[in-house]
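Novice: starting from these lines, generate the structure:
(chains A, B, C and D)
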2 protein chains.
Amino acid sequence: MAIPIYLKIKAKMIDEISSYTVNTSIPSERDLAIKFDASRMTVRKAIQELVDEGILYRDSNRGTFVADEKLHKRNTSTEPILLEQTIKYKIIYFDIKSSSSHDVQNHLDIRDDDSVLRVVRLASLDDKRPQYIEEIYIAQKNILEEDLGDFKKLLDFNSYIDQGSLTQKFLPMIVPAQYAHLLNLKINTPIILVENVINRKNGRPLIYIKVFNNPNEKIIEITT
Amino acid sequence: MAIPIYLKIKAKMIDEISSYTVNTSIPSERDLAIKFDASRMTVRKAIQELVDEGILYRDSNRGTFVADEKLHKRNTSTEPILLEQTIKYKIIYFDIKSSSSHDVQNHLDIRDDDSVLRVVRLASLDDKRPQYIEEIYIAQKNILEEDLGDFKKLLDFNSYIDQGSLTQKFLPMIVPAQYAHLLNLKINTPIILVENVINRKNGRPLIYIKVFNNPNEKIIEITT
DNA sequence: AAGTGGTCTAGACCACACT
DNA sequence: GTGTGGTCTAGACCACTTA
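Specialist: Here you go, the predicted structure:
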């Protein structure tokens, strides 16, 4: 039983739902249980995940329906981190400093003399069209030595987020002068700085990322 | 059976957990089932909700643990809407217009000649300390006539959000001149405009809200 | 009256951690 | 080997909507 039944059912349902139009009802839980030769509770679990993902919605005592796809839960301010679409990263520079700003120390919950890896990179679409600049901070003690030579693996944040949690702060500011030309923005352009802290399951901070978003290219959108 | 058993168990567990320290383990699902005289599946459902809310976390084959409270899922940009703490609203003005800007028409999915109620209000803490200004737009056809005399009820968005979904866009801008003094901000201060669209379950837009946040008072924070 | 989702039970087997 | 969470079954009753 490598793959749980409810996940198989969920996959089959996604297949079928994709051909449905919005707001049409799907078969009842009891019917689906017969169809998939499983118990109603198992079918229910498959449906529950689809509801949580915004693909279906339930109406008590009436039925289960296909939701508007546009309303799937999403947070585009993490999407580049999570999906890594066709985005190309260019490392601007990196260093390891033994002392860092209080800003960084506080977010990573480290002391004055802890070393921190800092990477600054530019994310672009199609070689042109700069999307955002990331300043990434990781305490050296949290980095496996073998990963230091492999930035691609180290800076793929998906796995960290899956296992922990992510806190984001949205701060309005004027684009920093040194980033204005990289982002192809006029000076004095208002932008949104997103401060990301990736935490472990136990709540300890692991990675701190400051994202300077280009408002002409990237609109941050969240759907609950 | 007014209140489901799993919700009663959940409430009891929250009580007990509150005295636990972070990362301590709670009793096993089987023990809790005995303790609460319920089936394991019912206890599991209570635990699942606490996990979804970030109060507990599970570690497969090891146990269930108390999570760091700071990591509870939250979105402070909706909190004033959702919680209505000690915030006081002052209506700046309101009107019903038969024609509205394309901006509003597009977000509410209405036509040129549909009437729209617009309410502009200032949210403050402690009679001073302005937090944000909201511009609220609702198509008149979506308003029950009895609600028109009761703004408090009409502008309490909790029930709408519970039954539907919420999409937010975060846009950087310079504070509009006419709002600068109301928010106690200097002109040319960068702020974040949050565009909220509350949708029905079927995906149709119901309410459109533009929130101009005072960055000195209100920091937008999201935890997943 | 029939059908739906919401809840609940009392069992069961599995893979995996720890000892 | 023991204990844990993860999955699964085959029933059951309830409140509610709809016809």
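
Novice: how about the residues of chain A near DNA strand D?
Specialist: For chain A, the contact set with DNA strand D under CB under 7 Å from any atom of the strand comprises A:1, A:4-7, A:37-42, A:45, A:60-62. All C-beta atoms are positioned from the backbone trio N, CA, C, and that covers glycine.

Novice: can you say which of those residues are buried?
Specialist: A:5-6, A:38, A:42, A:45 (16 or more other CB atoms under 10 Å in any protein chain shown).

Novice: quick check: residues of chain A near DNA strand C?
Specialist: A:1, A:26-31, A:40-41, A:44, A:58-64.

Novice: got phi/psi on the residue of chain A found nearest DNA strand C?
Specialist: Residue nearest to DNA strand C within chain A (CB to the nearest atom of the strand): residue A:28, separated by 3.2 Å. Note on residue A:28: backbone dihedrals following degrees, to the nearest 10 are phi -70, psi 160.

Novice: stretch A:212-219 and chain B in contact?
Specialist: Yes: interface with chain B: stretch A:212-219 contributes A:213, A:215, A:219 (CB under 8 Å from any CB of the partner chain).

Novice: I'd guessed the first one sits against residue A:192; true?
Specialist: Read it as residue A:213. Yes: the pair residue A:213 / residue A:192 is scored as a contact, 5.3 Å apart, by CB atoms under 8 Å.

Novice: mutual contacts of the two, please.
Specialist: Common neighbours of residue A:213 and residue A:192, counting by CB atoms under 8 Å, 6 or more residues apart in numbering or on different chains, are A:220, B:172.

Novice: on that earlier part again, now, the residues of chain A next to DNA strand C that are in helices?
Specialist: The helices, defined by DSSP state H, take in A:29-31, A:40-41, A:44 from the residues of chain A next to DNA strand C.

Novice: what's the farthest-apart pair in these?
Specialist: Largest separation among those by CB to CB: A:31 and A:41, giving 14.8 Å.

Novice: can you give the strand pairings for the helix or strand that residue A:90 is a member of, parallel or anti for each?
Specialist: Assessed by DSSP states H and E, residue A:90 sits inside strand A:88-97. Strand A:88-97 pairs in its sheet with strand A:116-125 (antiparallel), by DSSP bridges.

Novice: buried residues, the strand it pairs with. List them.
Specialist: Those would be A:116-124, for strand A:116-125 by 16+ other CB under 10 Å.

Novice: go ahead and name everything in contact with the top strand by length along chain A.
Specialist: Looking across chain A with DSSP state E, the single longest strand is strand A:128-139. Outside of strand A:128-139, the residues within contact range by CB under 8 Å, 6+ apart are A:80, A:87, A:92, A:100, A:104, A:107-108, A:110, A:114-125, A:154-155, A:179, A:182-184, A:206-214, A:217-218.

Novice: drop anything exposed from the residues you listed.
Specialist: Using 16+ other CB under 10 Å, the buried members of those are A:80, A:87, A:100, A:104, A:107-108, A:110, A:114, A:116-124, A:154-155, A:179, A:182-183, A:206-214, A:217-218.

Novice: just curious, which of the ones in helices among the residues of chain A next to DNA strand C is nearest to DNA strand D?
Specialist: residue A:41 (3.5 Å).

Novice: now do the longest strand of chain A, average pLDDT.
Specialist: Mean pLDDT, strand A:128-139: 92.

Novice: same question for stretch A:206-221.
Specialist: 94.

Novice: got it, and stretch A:108-125?
Specialist: Stretch A:108-125 comes out at a mean pLDDT of 90.

Novice: contacts for it, please.
Specialist: Residues from elsewhere that reach stretch A:108-125 (CB under 8 Å, 6+ apart): A:80, A:86-100, A:104-105, A:130-141, A:143, A:148, A:151, A:155, A:182, A:204-205, A:208, A:217.

Novice: chain A against chain B: which residues are in contact?
Specialist: Checking chain A against chain B by CB under 8 Å from any CB, the hits are A:22-23, A:54, A:57, A:59, A:65, A:67-68, A:70-71, A:75, A:77-78, A:161, A:165-174, A:190-192, A:199, A:201-203, A:213, A:215, A:219-224.

Novice: beta partners of residue A:93?
Specialist: Beta bridges link residue A:93 to residue A:120 when assigned by DSSP bridges.

Novice: what about it, how many neighbours?
Specialist: Look at residue A:93: counted by other CB atoms under 10 Å in any protein chain shown, it has 8 neighbours.

Novice: by mean pLDDT, which helix or strand of chain A comes out lowest?
Specialist: Every helix and strand of chain A was ranked by mean pLDDT, DSSP states H and E. The lowest is helix A:79-83, at a mean of 61.

Novice: hang on, the earlier thing: buried subset of the contacts of stretch A:108-125 as a ChimeraX selection?
Specialist: This is how ChimeraX selects the buried members of those, with burial counted by 16+ other CB under 10 Å:
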select /A:80,87,89,100,104,105,130,131,132,133,134,135,136,137,138,139,151,155,182,205,208,217
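
Novice: so residue A:20 sits against residue A:27, correct?
Specialist: No: contact criterion CB under 8 Å: residue A:20 and residue A:27 do not qualify, at 11.1 Å.

Novice: where does chain A have low pLDDT?
Specialist: Counting by pLDDT under 70, the ranges of chain A that qualify are A:1, A:80-85, A:144-155, A:158-159, A:161-163.

Novice: could you list the domains of it?
Specialist: By the assignment in automatic domain parsing, chain A contains the domains A:5-71, A:75-223.

Novice: end to end on the first one, go ahead and measure it.
Specialist: Just to be clear, that refers to domain A:5-71. With CA to CA, to the nearest Å as the measure, domain A:5-71 spans 27 Å from end to end.

Novice: what about it, distance to the chain center?
Specialist: Distance of domain A:5-71 from the chain centroid (CA atoms, centre = their mean, to the nearest Å) equals 25 Å.

Novice: adding distance to residue B:50, write the domains of chain A out as a markdown table.
Specialist: Converted to a markdown table, those look like this (distance: least, CB to CB, whole Å):
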| stretch | distance to residue B:50 |
| --- | --- |
| domain A:5-71 | 16 |
| domain A:75-223 | 14 |
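
Novice: can you tell which of these is closest to residue B:49?
Specialist: Within the domains of chain A, the stretch nearest residue B:49 is domain A:5-71; the backing value is 12.0 Å (CB to CB).
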